[in-house]
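Q: Sequence first, then the predicted structure:
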Amino acid sequence: MRAFIAASVSGLLLILGGWSTPSAATQENEMSTARAGKYYMRIGCAVAAEGKRFVKLVFHGRDTLTLAEVKRRLPELRTATARYARIEYRFASKAYNPPAPWPKSVSSLVDRYATRAARQSDHFRNAGNADTGAEFVRHFNKALSMPSFDPLEAQIRARLDLPPPNKGC
């Protein structure tokens, strides 16, 4: 008897459309290129501005840090790195969850970009949680050794009719 009731309820739900399936309406509600461009610039410019601040704070105009300097400045570096990790993760989260679906022309590119940003934010978060200078350097170097974001960003910006990277923010 229970099996019959369960089958009847399942059949009724199917008939009434209770099971949600992707529809053509979902495809029609994707963002326009102009709206997607504005949204991308809003979330991208926020992380870019923080990235410039982060580099200035961490490197003080130089290209490298010595391990002795990392050990001496570890609390400051951990705080700055953890903050940047949160901002980069926020970017990835907003890129994964836009207000409407991304246009098909950039959907997979934005997904790949967001995936890289999330992975890099994990490495920065680990550096921000490091207990020693050597551990900080190891995680920080992992974050910096990620593949470049530039080709993906250039493609996304071109397809959304936006200015090239490092311009327009």
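A: Received it, and whenever you're ready, just let me know what you need. Just so it is clear, the model here is predicted, and its values are computed rather than measured.
Q: so where's this protein shaky on pLDDT?
A: Counting by pLDDT under 70, the ranges of the chain that qualify are 1-28.
Q: Please repeat the previous calculation with a cut-off of 80.
A: By pLDDT under 80, the low-scoring segments of the chain are 1-28, 166, 168-169.
Q: Mind naming the longest helix for it?
A: Longest helix in the chain, counting residues (DSSP state H): helix 33-59.
Q: now that helix, how far from the chain's geometric center?
A: 11 Å (Cα atoms, centre = their mean, to the nearest Å).
Q: Would you mind identifying the next helix or strand past that helix?
A: With elements assigned by DSSP states H and E, the helix or strand that comes after helix 33-59 is helix 67-72.
Q: Can I get that following helix in CSV, CA atoms only?
A: In CSV, the C-alpha atoms belonging to helix 67-72 read as follows (Å, rounded to 0.1, in the frame of the first residue of the first chain):
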residue,chain,number,x,y,z
LEU,A,67,62.7,35.0,5.0
ALA,A,68,64.2,37.1,7.9
GLU,A,69,61.8,39.9,6.9
VAL,A,70,58.9,37.5,6.7
LYS,A,71,59.7,36.3,10.2
ARG,A,72,60.0,39.8,11.6
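Q: Residue 78: what's it in contact with?
A: Applying Cβ atoms under 8 Å, 6 or more residues apart in numbering to residue 78 gives the contacts 127, 128, 129, 130, 136. Using the backbone N, CA and C atoms, a C-beta is placed for each residue, glycine as well.
Q: One more pass at 7 Å, please.
A: 128, 130, 136 (Cβ atoms under 7 Å, 6 or more residues apart in numbering).
Q: and stretch 137-155, which residues are buried?
A: Buried residues in stretch 137-155, counted by 16 or more other Cβ atoms under 10 Å: 137, 139, 140, 142, 143, 152, 153, 155.
Q: got the contact list for the one helix or strand the last one maps to?
A: Here residue 155 is covered by helix 150-159, with elements defined by DSSP H and E. Taking contacts as Cβ under 7 Å, 6+ apart, the residues outside helix 150-159 that touch it are 40, 105, 106, 109, 110, 112, 113, 163, 164, 165.
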